[in-house]
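Asker: task: produce atomic coordinates for the following.
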Amino acid sequence: MIHFNFVVEDVDAENIINCIHSEICKCHEDIMDCMVEGGKEEYIAAYRDRIQYLKELIAMMHNTRVED
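Answerer: Below you'll find the predicted structure:
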């Protein structure tokens, strides 16, 4: 297990969260592509699992504002 404990600037924190959200959006796009192509249920399930994992990852982040 690894404990991350670091302070970043507001813009960097925003970029970290944005990267995760972008990956979630990409998974949604991949699901739509699979549906258009006609099924591939195992891929759709894997993308949904990844979305859930990423959302849980965000929920584990305990973000607080610190003052200089």
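Asker: in this structure, which spans are helices?
Answerer: 10-36, 41-60 (DSSP state H).
Asker: any chance of JSON lines for the ones you listed, columns mean neighbour count?
Answerer: Where C-beta positions appear, they are placed from N, C-alpha and C, glycine not excepted. Output for the helices of the chain, formatted as JSON lines (neighbours: other CB atoms under 10 Å):
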{"stretch": "helix 10-36", "mean neighbour count": "13"}
{"stretch": "helix 41-60", "mean neighbour count": "13"}
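Asker: which of those helices sits closest to H3?
Answerer: Closest to H3 of the helices of the chain, according to CB to CB: helix 41-60, at 11.0 Å.
Asker: can you show me the CA trace of that closest one as PDB?
Answerer: Taking Å, rounded to 0.1, in the frame of the first residue of the first chain, the C-alpha atoms of helix 41-60 are listed here in PDB:
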ATOM      1  CA  GLU A  41     -20.400  -6.900 -24.000                       C
ATOM      2  CA  GLU A  42     -17.200  -8.100 -22.400                       C
ATOM      3  CA  TYR A  43     -15.500  -4.800 -23.500                       C
ATOM      4  CA  ILE A  44     -18.400  -2.700 -22.400                       C
ATOM      5  CA  ALA A  45     -18.300  -4.400 -18.900                       C
ATOM      6  CA  ALA A  46     -14.600  -3.800 -18.700                       C
ATOM      7  CA  TYR A  47     -15.000  -0.100 -19.500                       C
ATOM      8  CA  ARG A  48     -17.800   0.200 -16.900                       C
ATOM      9  CA  ASP A  49     -15.500  -1.500 -14.400                       C
ATOM     10  CA  ARG A  50     -12.800   1.000 -15.200                       C
ATOM     11  CA  ILE A  51     -15.200   3.900 -14.800                       C
ATOM     12  CA  GLN A  52     -16.200   2.700 -11.400                       C
ATOM     13  CA  TYR A  53     -12.600   2.200 -10.400                       C
ATOM     14  CA  LEU A  54     -11.700   5.700 -11.400                       C
ATOM     15  CA  LYS A  55     -14.700   7.200  -9.500                       C
ATOM     16  CA  GLU A  56     -13.600   5.300  -6.400                       C
ATOM     17  CA  LEU A  57     -10.100   6.500  -6.900                       C
ATOM     18  CA  ILE A  58     -11.300  10.100  -6.900                       C
ATOM     19  CA  ALA A  59     -13.400   9.400  -3.800                       C
ATOM     20  CA  MET A  60     -10.300   8.200  -1.900                       C
END
